[in-house]
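[1] Show me the folded form of this:
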Amino acid sequence: MHPFLQALAHYPDSIYVHHSKIEEQLPMHSHKKHQISYVEGGVAFLNTKNNSFFFPARHFIWIPAGLEHNVTSRTSVKMVHNLFFPADLIPETEILKKAGIFPVSNLLMEMINYTQRWNGDILRTDAEAFEFLIALRNIILEVAKTPFPVVLPTTTNEMLRPILKYIHLNVDQPLYLEEVAAHFGYSARSLSRLFQKNIETSFLQYVKLTRIIKSIELLLKTDLSISEVAYASGYNSLSAFSYAFNQIVNQSPAAFKKQSL
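    Down below sits the predicted model:
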């Protein structure tokens with residue numbers, strides 16, 4: 001077992017606090033505690049067997065106990081703040097049974113930053129720290145009601161994986177079902193079936209989600225204008241980009257950028 005996972009499991013009843021550049025670069029793994037991770041200054045993904053969860057600035061990732069996962073980053077990050085709660089400290093709500101991305105309020109962000117004075121196991125005997133973390137847990141339970149809607153399905157299917165990679169590498173270019181299918185030696189109908197069978201979404205929807213994730217990265221990490229972000233994400237008009245962004249993220253690109261920054 002990885003030394004970090006050994007340390008995490010040493011005191012099953014503790015709240016474990018861990019701050020690092022990224023989640024120890026662990027391979028796919030699971031543990032018996034619920035986890036929240038807040039990435040400061042960077043773009044990161046939670047990867048599970050079936051999905052890739054993109055979490056932008058001012059959002060935290062919720063990882064329920066027992067879920068096999070790892071966290072990766074596409075950019076350098078300032079810090080990843082991780083809190084691990086014993087399962088009996090978190091009520092079993094339907095939303096918290098699954099992984100999700102949730103907004104970080106100003107209060108929650110300040111409380112997460114305050115936890116940097118601790119590292120490792122916080123036991124009930126550490127009264128002041130433990131009570132503070134219980135208060136933080138209560139704030140988390142309050143905000144964890146409406147998850148961020150951008151979830152990208154993934155697959156281990158060896159025929160589909162290179163196609164998904166091709167979409168990511170060429171997301172700023174026109175991507176048409178017939179042309180991508182021909183590039184990989186499929187008919188349009190066969191490729192459509194491959195998507196539906198393995199990731200339960202259509203080719204067009206996958207491309208749309210990939211474009212929106214790309215646009216969010218650009219909005220957060222560059223000084224490009226909204227129009228420049230639209231074209232760099234593969235849209236041929238600002239109106240089409242704004243409509244798609246609103247449809248998935250439930251707010252305009254400008255409003256999202258203002259809120260996140």
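[2] which parts of the top helix by length along the chain are buried?
    Taking DSSP state H as the assignment, the helix of the chain that covers the most residues is helix 203-221. Across helix 203-221, burial judged by 16 or more other Cβ atoms under 10 Å covers 203, 206-220. Backbone N, C-alpha and C define where each C-beta goes, glycine included.
[3] ok, which pair from these is furthest apart?
    Using Cβ to Cβ, the buried residues of helix 203-221 span at most 26.6 Å, a distance reached by F203 and L220.
[4] Mind jotting down where the strands sit in the stretch 1-150 of the chain?
    Secondary structure of the stretch 1-150 of the chain, counting by DSSP state E, counting those that start in this stretch: strands at 15-20, 33-40, 44-48, 51-55, 59-63, 69-73, 79-86, 100-103, 120-122.
[5] L177 and L96: what is the separation?
    Look at L177 and L96: by Cβ to Cβ, to the nearest Å, they are 37 Å apart.
[6] and K258, how many neighbours does it have?
    By the criterion of other Cβ atoms under 10 Å, K258 has 11 neighbours.
[7] residue ranges with poor pLDDT in the stretch 151-261 of the chain?
    Within the stretch 151-261 of the chain, the ranges that satisfy pLDDT under 70 run 260-261.
[8] In space, what's closest to K49 - neighbours in sequence excluded?
    Of all residues not flanking K49 in the chain, E68 sits nearest, at 6.0 Å (Cβ to Cβ, 6 or more residues apart in numbering).
[9] repeat for T154
    S52 is the one closest to T154 (Cβ to Cβ, 6+ apart), at 5.1 Å.
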